[in-house]
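Novice: what shape does this take:
(one chain, ligands or ions: 1)
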Amino acid sequence: MAVHYRTQGLILEKNDLREADRLFAIYTEDFGKLKVLGKSVRKIKSKLRGGMELFYLSEVEFIQGKTFKTLTDAILIENFKNIRGDLKKLKIAYQIIGVSNQLIKGEERDLKIWELFSDIFNKLNNNWSLRFDYQSLIYYYFLWNLLSLLGYRPQLYQCIICQGKLNPANLYFSSKGGGLVCKTCSGKEKYSQRTNPDVVKILRIILKEDFTTLSRLKIDRIHEKLLKDISNDYLKQILNK
Ligand SMILES: [Zn+2]
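Specialist: Sure thing, here's the model as predicted:
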């Protein structure tokens, strides 16, 4: 008889397969990221349907088959309805699961990543009166902390080349080298780019997981743009590895 595995999971991806099946990517508490087949899940009568929408938190049960893990049960725990009812929040939720699908590869249990997911979706769901700038910070908070948990924490406190102290007036960031570079070394590190001290400050707060301080920051459009650029650049570098 097949062994049934039961765990909680967040639905990250769903792809239609054959006539009525669907292949899901789920980030689970006990097994990390799993690909699970939902047989006949697209049929109206399927009892699995109700628990398997994107970024639902559900209790799932599956068996290990020869090729696929097959879903045998799915019970919705939380559907984050405040996120679903708000276009801006919805966009951030999609960004979060999109980047997670790109970055998280294998089946490997990681409770810290699980907690990061749970934390970020609850924050996004519960904070109703988010300011515009603060909302996009939630995504960057998730992205940089996920990168850190996956082993790509950038060095933001000393020069990555000479290990020397940094002068806030002259900061350079190297996505390739994985951190800040001082002015003297910036000539040697040809991919380093001048960066803004306020953006570095925001990144330090994000990586300290200091959400309270982060939520009090006033961030203007220019800083938001710079934060977006440095985040995209670093992410691209890591995805190319
Ligand atoms: Zn240096």
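Novice: does residue 30 touch residue 109 like I think?
Specialist: Yes. Between residue 30 and residue 109 there is a contact under C-beta atoms under 8 Å: 6.1 Å. C-beta: built from backbone N, CA, C; applies to glycine.
Novice: where along the protein do the strands fall?
Specialist: Counting by DSSP state E, the chain has strands at residues 4-17, 21-28, 32-38, 57-64, 69-78, 171-174, 179-181, 193-195.
Novice: possible to save those as CSV with distance to residue 227 and mean neighbour count?
Specialist: Shown next, in CSV, are these (distance: least, C-beta to C-beta, whole Å; neighbours: other C-beta atoms under 10 Å):
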stretch, distance to residue 227, mean neighbour count
strand 4-17, 24, 17
strand 21-28, 25, 22
strand 32-38, 27, 21
strand 57-64, 28, 20
strand 69-78, 29, 17
strand 171-174, 12, 24
strand 179-181, 15, 24
strand 193-195, 10, 15
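Novice: quick one: closest of the ones you listed to residue 100.
Specialist: strand 4-17 (5.7 Å; C-beta to C-beta).
Novice: give me the sheet partners of the closest one and which way each runs.
Specialist: If you go by DSSP bridges, strand 4-17 pairs up with strand 21-28 (antiparallel), strand 57-64 (antiparallel).
Novice: in PDB, list the C-alpha atoms belonging to the first one.
Specialist: Output of strand 21-28 as PDB, limited to C-alpha atoms (Å, rounded to 0.1, in the frame of the first residue of the first chain):
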ATOM      1  CA  ASP A  21      -5.100  17.100 -14.700                       C
ATOM      2  CA  ARG A  22      -2.900  19.800 -13.300                       C
ATOM      3  CA  LEU A  23       0.700  19.800 -12.100                       C
ATOM      4  CA  PHE A  24       1.300  22.000  -9.000                       C
ATOM      5  CA  ALA A  25       4.400  23.400  -7.400                       C
ATOM      6  CA  ILE A  26       3.800  23.600  -3.700                       C
ATOM      7  CA  TYR A  27       6.200  25.000  -1.000                       C
ATOM      8  CA  THR A  28       5.600  22.700   1.900                       C
END
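Novice: and for it, what are the contacting residues?
Specialist: 7-17, 33-42, 52, 60, 68, 71, 100-101, 104, 113-114, 117 (C-beta atoms under 8 Å, 6 or more residues apart in numbering).
Novice: just checking, what packs against the longest helix along the chain?
Specialist: Longest helix of the chain, by residue count under DSSP state H: helix 221-240. Contact analysis of helix 221-240 by 3 or more C-beta pairs under 8 Å, 6 or more residues apart in numbering; DSSP states H and E lists helix 87-103, helix 132-147, strand 193-195, helix 197-207 as its packing neighbours.
Novice: in a markdown table: those, plus mean pLDDT.
Specialist: As requested, those are exported to a markdown table (pLDDT from 0 to 100):
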| stretch | mean pLDDT |
| --- | --- |
| helix 87-103 | 94 |
| helix 132-147 | 86 |
| strand 193-195 | 93 |
| helix 197-207 | 96 |
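Novice: who in this structure is up against the ion?
Specialist: With the criterion set to C-beta under 5 Å from the ion, the chain comes near the ion through 159, 161, 162, 164, 182, 185.
Novice: please repeat the previous calculation with a cut-off of 6 Å.
Specialist: Proximity of the chain to the ion (C-beta under 6 Å from the ion) is limited to residues 159, 161, 162, 164, 181, 182, 184, 185.
Novice: mind checking which of those are in helices?
Specialist: 184, 185.
Novice: next, the contact list for residue 174, please.
Specialist: Contacts of residue 174 by C-beta under 8 Å, 6+ apart are 160, 180, 181, 189, 191, 192, 193.
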